[in-house]
Structures are given as C-alpha cells and as structure tokens.
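A.B. asks: Dropping the sequence and predicted coords here.
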Amino acid sequence: MDRYFLPLGAVIPRPPRPSKYADQSPDMMVIYKAIMQNLTDAGRPRARWLRWKTYVGFLLFGVLVAGKPRRWCREKRPSVVGTLGWQEFECVWKSLQVNILANVQKG
C-alpha cells in the first residue's frame, strides 16, 4: 500500500490463488482484513479522536481505513477496479456506511 498508511513491519498477504472469483480477480476483503489486523497489532489508532468505544465508532474507523485501499487501487491498480473482487469490496464498504447511518438514526 504505502509506507505512511501501514505500521512498520506490516505484512499484507497476497490474496489466495486460485481466486475464488470467476474473473480470477484478487480478494480485496483478504487485503482489507490484513490491513485492519496490522493496525490492531501495531496498537493503532493512537490518536485519541480516532479511538472508538462504540460499535458505530468501530464502523467509522473501518470506513476510514477502507478509503485508503480504494483510492490506492483506483490510482495505482486500475485493472482491479470493476472486477468481481472489487465489487464485493465496494458492497462491504457501502454496507458499513448503511450500518453507520442506521445506528446514528436509531440514536
């Protein structure tokens, strides 16, 4: 990804081969989960305003983190955008947003 986003020593695994998708696209969820795990292992987030104490806070952090690989893929790996793996990643990202909105409206 890039050195400013990931903690030192972070390991992002290659998505499993063969791909579970018919178009042989990478499993973006494997990459997203690895990023989240690396951040947790590194004790991140350290900034007080990014820490979460609620479910909605956890979802907000997930959306924030997912934004970086989305942008990175669009800029550096446009061949991934539009694949089946990308579509699943986008659906999960959008469902996080829907969950946040539902929880906020619930009060």
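C.D. replies: It's in.
A.B. asks: Can you show me the helices along this protein?
C.D. replies: 28-41, 55-76, 84-106 (DSSP state H).
A.B. asks: Minimum distance to Y21: which of those helices has it?
C.D. replies: Set against Y21 and scored by C-beta to C-beta, the helices of the chain come closest in helix 84-106, at 3.9 Å. C-betas here are computed from N, CA, C, even on glycine.
A.B. asks: just checking, what packs against the closest one?
C.D. replies: helix 28-41, helix 55-76 (3 or more C-beta pairs under 8 Å, 6 or more residues apart in numbering; DSSP states H and E).
A.B. asks: buried ones in stretch 71-86?
C.D. replies: Going by neighbour count (16 or more other C-beta atoms under 10 Å), the buried part of stretch 71-86 is C73, V80, T83, L84, G85, W86.
A.B. asks: for stretch 29-37, same thing?
C.D. replies: V30, I31, Y32, A34, I35.
A.B. asks: and if you look at stretch 52-65?
C.D. replies: Buried, per 16+ other C-beta under 10 Å, within stretch 52-65: V56, L59, L60, F61, G62, V65.
A.B. asks: Looking at the residues you listed, point me to the pair that's furthest apart.
C.D. replies: Longest span within the buried residues of stretch 52-65, C-beta to C-beta: V56 and V65, 15.0 Å.
A.B. asks: returning to that earlier point: which members of the buried residues of stretch 71-86 are the farthest-apart pair?
C.D. replies: C73 and L84 (13.9 Å).
A.B. asks: Residue ranges in the chain under the pLDDT threshold?
C.D. replies: 1-16, 49-50 (pLDDT under 70).
A.B. asks: Quick check, L39 in contact with G62.
C.D. replies: No. Using C-beta atoms under 8 Å, L39 is not in contact with G62, being 10.4 Å away.
A.B. asks: Go ahead and confirm K20 touches D27.
C.D. replies: Yes. Under the criterion of C-beta under 8 Å, K20 makes contact with D27 at 6.3 Å.
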